[in-house]
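# sequence plus the predicted model coming up.
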Amino acid sequence: MDREQLRHKKKEVESHLKVLSTPVKNDAPTNWALRWITGLIAGPLFLFSSVYAPYLFVVLALILCIVAYLEWDNFILCLFPEDLEKHQILRVFYVIIGITLPLAAIFTGSFHPVAAMLMVAFFALISFHIILAMFTKQDRLSSAGYNHFANHLVGILWIGMGVSCLILLVKKQPAFAFLGLVIGILSDTCAMFVGRSIGKHKIFVALSPKKTWEGFFGGVFGSVILYFLVVYSFRDKWSAAVNISWQPLAVVCILAGFVGQFGDLAQSYFKRIAMIKDSGVFFPGHGGVLDRVCGHLCIAQFLYFATQFPVIKEQCGN
């Protein structure tokens, strides 16, 4: 495919992408007022529902999971625009397979069925690609099929496992689900304020031209300090929610802050490869679902497995 044909295909791809998961171009401005309004509505809603309305939280998590899968699929479509025709079928199949992980978490409340569905997703994806190649009667297999398979699998590992672990935390350890959500929100906020005010040393311009080391560490430690201030203010309720001493909790919070910042950097990495500013427009002023929950997905997986660590598991009594 020559350059002119590829340019035509990219235009066709852009017209094909759905509204709620349409990637935003690099030169799109940020509406800060809209960003704050959206955050002040969405943040408390998810925090409240994670503790007091778990069924509402699960429904919201499933909706965000589906949109996040569509956004991730659009990433792949931006990388391989020449495969638009086959992508119509792959898109639906990918979302159906990916949503089985959080559904397993909802209906079983256990991680083992989630892991089993991950294995099923692996075999289903590779089988579907082989069958698709057979029915399209390809004379020679190309690397495009493998690239699609690998990228879809990464999406399921990141999104599906992240949402599943968050749902399991809400069902089993809501205090830790609340912790993860607060750390994620505060980490993003502190990183933004510290980076914009005193940030001078760039992390990696090709990855993100605005991210600085000052913002990175400000996000990690600022979120932990603010979180402990919140915990201290409501220490009686916290002690009733989870029985864990402050030493392991401090370690978990600091590590969760680092994991959240890593998730944000990973999202920037994927967006730069796809040459887009935002993954979508689901959250006005913030961008897409993946732009907002990238750190939360990583934190949720970390916190779920942290609660299985012997020291924490023994104190939590789970």
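That came through fine.
# could you list every helix and strand that the longest helix seen in the chain packs against?
Longest helix of the chain, by residue count under DSSP state H: helix 246-274. Helix 246-274 sits against helix 54-79, helix 174-198, strand 208-212, helix 213-233, helix 289-306, helix 310-316, with contacts defined as 3 or more CB pairs under 8 Å, 6 or more residues apart in numbering; DSSP states H and E. Quick note: C-beta positions are derived from backbone N, CA and C, even for glycine.
# pretty sure Phe123 belongs to a strand, no?
No: Phe123 sits outside any strand when classified using DSSP: H, G, I helix; E, B strand; the rest coil, being helix.
# run a quick neighbour tally on it.
Using other CB atoms under 10 Å, Phe123 has 9 other residues around it.
# that one: what's it in contact with?
With contact set as CB atoms under 8 Å, 6 or more residues apart in numbering, Phe123 has no partners.
# distance of it from Phe93?
Remark: distance between Phe123 and Phe93 (CB to CB, to the nearest Å) = 13 Å.
# can you say which helix or strand has Leu153 in it?
helix 143-155 (DSSP states H and E).
# can you add mean pLDDT and give the helices and strands packed on helix 246-274 back as JSON lines?
Output for the helices and strands packed on helix 246-274, formatted as JSON lines (pLDDT from 0 to 100):
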{"stretch": "helix 54-79", "mean pLDDT": "88"}
{"stretch": "helix 174-198", "mean pLDDT": "81"}
{"stretch": "strand 208-212", "mean pLDDT": "76"}
{"stretch": "helix 213-233", "mean pLDDT": "74"}
{"stretch": "helix 289-306", "mean pLDDT": "89"}
{"stretch": "helix 310-316", "mean pLDDT": "66"}
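# who are the packing partners of the helix holding Leu153?
With contacts taken as 3+ CB pairs under 8 Å, 6+ apart, helix 143-155 sits against helix 54-79, helix 84-108, helix 111-135.
# distance-wise, check the nearest residue to Val224 once chain neighbours are set aside relative to Ile131.
Distances taken as CB to CB, 6 or more residues apart in numbering put Cys253 closest to Val224, at 4.7 Å, once the chain neighbours are dropped. Using CB to CB, Cys253 is found at 46 Å from Ile131.
# so Lys200 sits in a strand?
No: under three-state DSSP, Lys200 sits outside any strand and is assigned coil.
# quick check, it in contact with Lys210.
No: the pair Lys200 / Lys210 is not scored as a contact, 11.8 Å apart, by CB atoms under 8 Å.
# compare neighbour counts for the two and give me the winner.
More crowded of Lys200 and Lys210, by other CB under 10 Å: Lys210, with 13 against 8.
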